[in-house]
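Novice: Mind folding the following:
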Amino acid sequence: MEITSKPTELDEIDRAILKLEMEKLSLKNDTDKASKERLSKLENDLSLLKQKQKELAEQWDNEKVFMTRIRSIKEEIDRVNLEMEAAERDYDLNRAAELKYGTLMSLQRQLEEAEKNLTDFRNSGKSLLREEVIDLDITEIVSKWTGIPLSNLQQTEREKLVLLEQVLHKRVVGQDMAVKSVADAIRRSRAGLSDPNRPIASFMFMGPTGVGKTELAKALAGYLFNTENALVRIDMSEYMEKHAVSRLVGAPPGYVGYEEGPEKTLLCGPI
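Specialist: All right, here's what the predicted structure looks like:
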């Protein structure tokens, strides 16, 4: 990874240097004391960053040399293997033996030496490059794209369910029974113990404003779906008139709005 593209650490330092250089130019013509002090600090910070930039750039170049050498040897080994197989198919045993016990063994020794040199180099400091993509790389990219915290993406389904009550209690205080009932219902559903043709659970939270009814729903949505917006809120005061119920269940056939469907069903459709 990052053999041709710049490593993240080096790219971040380049951006920081560019930002400080621009600020330095803006302060260059200022003569007040505060500006001069800030300019002096900027020059010191730039000096440190440029030194770090030089060290990382040298490390990146050296690692690229090692990894390019290893890749070249592996490609040559693949080519020799193909040539050896072709010689064996053609019953050219002399050529096959020469490739197998001569050329191939020599390449294997070169590969071992090159990999040892790379390992020794990496042991002397932090590595900037890798030859393969690992789970963490994918997780970090998805986290940046979606805004979902890295810790949430790394959690397994089992870990989420085990920690469900603990997470809900951080936001909903003093509602132990409600939190436990909701968490148990989610766990039963995920374990396959509930009827798949029925809702996960139906709860009726009662109480005055501020006891945590809506907050519990938001906390649950945020933890399971990584966004508090993954819920549908229905204000029944909006459906006091008879004609307004069509917004909830949909207009009858032949009436305006029949093809559009109920608005709450449309909201739930993509979930």
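Novice: Tell me the pLDDT of residue 110.
Specialist: With respect to pLDDT, residue 110 scores 91.
Novice: neighbours of it, just the number please.
Specialist: 16 (other CB atoms under 10 Å). For the C-beta atoms, the positions are set from N, CA and C on the backbone; glycine is no exception.
Novice: Leaving out sequence neighbours, find the closest residue to it.
Specialist: Excluding its sequence neighbours, the residue lying closest to residue 110 (CB to CB, 6 or more residues apart in numbering) is residue 73, at 5.4 Å.
Novice: Could you measure from that neighbour over to residue 9?
Specialist: From residue 73 across to residue 9, the span is 28 Å (CB to CB, to the nearest Å).
Novice: Settle it for me: which of the two has more neighbours?
Specialist: Taking other CB under 10 Å, residue 73 and residue 9 do not tie; residue 73 has more neighbours (19 against 16).
Novice: if I look at the more buried one, how far off is residue 59?
Specialist: Counting by CB to CB, the gap from residue 73 to residue 59 is 22 Å.
Novice: And for residue 171?
Specialist: 44 Å.
Novice: Look at the two and report which has more neighbours.
Specialist: Legend: neighbour count by other CB under 10 Å for residue 171 and residue 59, higher for residue 59 (21 against 15).
Novice: Can you tell me the element that one falls in?
Specialist: helix 33-89 (DSSP states H and E).
Novice: any idea of the mean pLDDT for that helix?
Specialist: 88.
Novice: What is the helix or strand following it packed up against?
Specialist: Going down the chain from helix 33-89, the next helix or strand is helix 93-98, by DSSP H and E. Here helix 93-98 touches helix 33-89, going by 3 or more CB pairs under 8 Å, 6 or more residues apart in numbering; DSSP states H and E.
Novice: helices and strands of this protein: which one bottoms out on pLDDT?
Specialist: Sorting the helices and strands of the chain by mean pLDDT, DSSP states H and E puts helix 263-268 at the bottom, at a mean of 50.
Novice: Could you list the low-pLDDT ranges of the protein?
Specialist: Confidence mapping of the chain against pLDDT under 70 gives the ranges 1-4, 125-137, 139-140, 142-157, 244, 246-271.
Novice: Would you mind giving the domain segments of it?
Specialist: Per automatic domain parsing, the domain ranges recorded for the chain read 8-123, 163-230, 232-271.
Novice: Including distance to residue 138, could those go into a markdown table?
Specialist: Formatted as a markdown table, the domains of the chain follow (distance: least, CB to CB, whole Å):
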| stretch | distance to residue 138 |
| --- | --- |
| domain 8-123 | 15 |
| domain 163-230 | 17 |
| domain 232-271 | 24 |
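Novice: Could you say which one of those comes nearest to residue 141?
Specialist: Nearest to residue 141 among the domains of the chain is domain 8-123 (11.1 Å), distances taken as CB to CB.
Novice: End to end on that closest one, go ahead and measure it.
Specialist: In terms of CA to CA, to the nearest Å, the two terminal residues of domain 8-123 are separated by 20 Å.
Novice: quick one: it to chain centroid distance?
Specialist: For domain 8-123, the separation from the chain centroid amounts to 24 Å (computed by CA atoms, centre = their mean, to the nearest Å).
Novice: who touches residue 231 in this structure?
Specialist: The neighbourhood of residue 231, defined by CB atoms under 8 Å, 6 or more residues apart in numbering, consists of 217-218, 221.
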